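*Asks:* This is a predicted model, with the sequence first.
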Amino acid sequence: MRVANIIEEGRIGGPQIRNLMVASSLKKKKVEITLIFPKKNSKDLKKQCNLLNVKHLSLPLRSIKKSLFGVIMYIILFPFEVIKLALILKKKKFDLVHVSGGSLHNKGIFAAKLAGVKVIWELNDTHAPKIIKKIFSFTSHLANGFIFASERTQKYYSKLIPNKRKNFLIQSPVNTNLFNPNIKLNPEKFFKKKKIGKKIVIGTVGNINPNKDHATFIKTAAKLLSFEKEIIFVIVGPIYNSQKNYFEYLSKLIRRNKIRNVHFIGSRKDIRPILKKIDIYVCSSSNESSPLAVWEAMAMENAVISTNVGDISKFIKNGKNGYIVKVGDANSLSLKIIKLLKDPKLRKQFGRFSRKIVRKKLNLDLCAHYHQKAYINMLI
């Protein structure tokens with residue numbers, strides 16, 4: 001079986017990592033996946049494809065930008081890029097097209113239809129602008145089936161999707177062999193440089209953007225200033241040019257509250273050494289579907305506190321293997337952190353239980369198996 005997996009964003013994030021892992025895992029099941037993505041900003045993604053021996057094509061596909069010029073150029077180039085994609089799909093004789101990246105990414109849908117190839121659309125968000133939802137209500141009829149990254153995503157889009165379309169629920173996967181707290185890893189240089197000693201590390205992972213709600217993370221740090229000598233907060237993730245204003249807002253928030261123990265440490269190719277050092281992992285997001293960063297933290301036996309987003313409540317049981325708080329509730333978040341600060345045994349208990357859940361319900365082999373079943377089902 002030959003599958004083209006198309007995504008319109010070349011920068012590495014949760015969807016790109018998911019695509020890479022599934023493509024790599026399915027090779028042994030005789031499912032050949034070719035990842036197709038934009039040339040721009042895809043240097044790291046290409047490296048990962050080569051490292052994992054995953055077939056890929058990088059094309060001049062334009063991602064939509066927030067600026068007026070960016071939107072105009074996206075619309076002008078849209079038909080030409082769709083036609084080029086369609087010609088490639090036809091030439092390579094793919095059996096199925098898998099479109100990733102959410103409801104905003106629909107070039108692959110049109111290209112598949114032009115090429116006469118069945119298409120399955122993966123949706124992995126729980127919030128979209130009204131105009132995007134309106135467009136999706138029409139384009140959804142072009143897809144032969146859908147993959148939902150979470151039950152919450154499935155519910156969010158349920159009224160916009162034709163009733164008779166096949167659909168599959170597949171969470172983001174974790175390679176629990178790689179994300180294993182018992183593996184020996186090179187120590188994270190940042191912690192060595194800061195000489196944190198016995199300080200408790202509270203961390204979060206995700207590119208800097210409003211959906212991750214780093215502002216609540218920082219407001220939580222402000223409420224814990226009395227513990228400043230005992231704890232350190234780290235925010236791991238890239239700061240893209242499109243989010244510089246948001247980053248400046250966060251920096252002002254830190255200065256205004258006179259916080260000295262919050263650190264932005266940029267992105268990492270391998271997040272495991274940081275997760276191994278984190279004592280309490282925090283997800284402060286306002287919107288998520290199947291948050292891979294949280295699942296990876298759980299696999300590394302981090303004690304997790306998360307906002308109630310996506311399918312978090314399916315895998316984190318409040319008070320059993322973590323805590324769940326309301327979106328934007330810095331007060332509750334700080335109180336839960338204090339509980340874990342004072343109880344190292346509870347932190348370890350949460351972490352061990354969380355890893356068991358990830359191994360049983362979110363492991364890569366299981367996710368790859370579900371993808372294979374979905375692909376076969378689509379071709380029947």
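*Replies:* Here it is on my side, so go on. Just so we're clear, the structure is a prediction, and the values are computed from it rather than from any experiment.
*Asks:* Name the residues linked to V97 by a beta bridge.
*Replies:* For V97, the beta-bridge partners under DSSP bridges are A4, V119.
*Asks:* Thought G116 was touching it, still the case?
*Replies:* No - V97 is not in contact with G116 according to C-beta atoms under 8 Å; the separation is 10.5 Å. C-beta: built from backbone N, CA, C; applies to glycine.
*Asks:* neighbour-wise, which of the two wins?
*Replies:* V97 (27 against 9; other C-beta atoms under 10 Å).
*Asks:* got a list of what that one touches?
*Replies:* Counting by C-beta atoms under 8 Å, 6 or more residues apart in numbering, V97 touches 3-4, 6, 89, 108, 111-112, 115, 117-120.
*Asks:* residue contacts, S334?
*Replies:* Per C-beta under 8 Å, 6+ apart, neighbours of S334: 220, 223-224.
*Asks:* I'd like the distance from the helix or strand hosting it to the chain centre, please.
*Replies:* Secondary structure assigned from DSSP states H and E places S334 in helix 330-341. Here the centre of helix 330-341 is set off from its chain's centre by 25 Å, with C-alpha atoms, centre = their mean, to the nearest Å.
*Asks:* go on, stretch 63-83?
*Replies:* With C-alpha atoms, centre = their mean, you get 24 Å for stretch 63-83.
*Asks:* which of the contacts of V97 lies closest to A149?
*Replies:* Using C-beta to C-beta, I120 comes nearest to A149 of these, at 12.9 Å.
*Asks:* right, and that closest one touches L142 too?
*Replies:* No - at 11.4 Å, I120 does not count as touching L142 under the criterion of C-beta under 8 Å.
*Asks:* Can you pick out the residue with more neighbours from the two?
*Replies:* I120 (28 against 14).
*Asks:* before we move on, back to that, which member of the contacts of S334 is positioned nearest N41?
*Replies:* Using C-beta to C-beta, these come closest to N41 at T220, 31.3 Å.
*Asks:* and the longest helix for this structure?
*Replies:* In the chain, with assignment by DSSP state H, the single longest helix is helix 68-92.
*Asks:* for that helix, packing partners?
*Replies:* Contacts defined by 3 or more C-beta pairs under 8 Å, 6 or more residues apart in numbering; DSSP states H and E place helix 68-92 against strand 2-6, strand 32-38, strand 55-59, helix 107-115.
*Asks:* In CSV, could you pull the C-alpha coordinates for the second one?
*Replies:* It refers to strand 32-38. Extracted in CSV, the C-alpha atoms of strand 32-38 (Å, rounded to 0.1, in the frame of the first residue of the first chain):
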residue,chain,number,x,y,z
GLU,A,32,4.9,2.8,2.3
ILE,A,33,4.2,6.4,3.3
THR,A,34,5.7,9.4,1.5
LEU,A,35,5.5,12.7,3.5
ILE,A,36,4.8,15.7,1.4
PHE,A,37,5.5,19.2,2.9
PRO,A,38,6.6,22.7,1.9
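*Asks:* What strands flank that strand, and is each parallel or antiparallel?
*Replies:* strand 2-6 (parallel), strand 55-59 (parallel).
*Asks:* buried stuff in the last one?
*Replies:* What it means is strand 55-59. Applying a neighbour-count criterion of 16 or more other C-beta atoms under 10 Å, one finds 55-56, 58 buried in strand 55-59.
*Asks:* what does the first one give?
*Replies:* Burial within strand 2-6, assessed by neighbour count using 16+ other C-beta under 10 Å, is assigned to 3-6.
*Asks:* I'd like to know which of the residues you listed is nearest to K317.
*Replies:* N5 (33.1 Å).
*Asks:* For the residue lying closest to the closest one once chain neighbours are set aside, grab the count of nearby residues.
*Replies:* Nearest residue to N5 in three dimensions, chain neighbours excluded: H98, at 4.5 Å (C-beta to C-beta, 6 or more residues apart in numbering). Counted with other C-beta under 10 Å, the neighbours of H98 add up to 28.
*Asks:* residues touching H98, list them.
*Replies:* With C-beta under 8 Å, 6+ apart, H98 has these contacts: 3-6, 33, 119-120, 122, 147, 375.
*Asks:* Let's see that with 6 Å instead.
*Replies:* 3, 5, 120 (C-beta atoms under 6 Å, 6 or more residues apart in numbering).
*Asks:* Same question for Y370.
*Replies:* Counted by C-beta under 6 Å, 6+ apart, Y370 has contacts I170.
*Asks:* Quick check: phi and psi at it.
*Replies:* Backbone torsions of Y370, given as degrees, to the nearest 10, read phi -60, psi -40.
*Asks:* And it, how far from L87?
*Replies:* Separation of Y370 from L87 (C-beta to C-beta, to the nearest Å) stands at 31 Å.
*Asks:* Skipping adjacent residues, who's closest to H263 in space?
*Replies:* V234 (5.3 Å).
*Asks:* which SSE is that neighbour in?
*Replies:* With DSSP H and E as criterion, V234 is part of strand 231-236.
*Asks:* Could you check the angle that strand makes with helix 330-341?
*Replies:* 120 degrees (axes from the mean of the first three to the mean of the last three C-alpha atoms, to 10 degrees).
*Asks:* Quick check: buried residues in strand 231-236?
*Replies:* Result for strand 231-236 [16+ other C-beta under 10 Å]: buried residues 231-236.
*Asks:* what's the next secondary structure element after the helix holding S334?
*Replies:* helix 344-361.
*Asks:* how big is the angle separating that following helix from helix 330-341?
*Replies:* Going by the same axes, to 10 degrees, helix 344-361 makes 100 degrees with helix 330-341.
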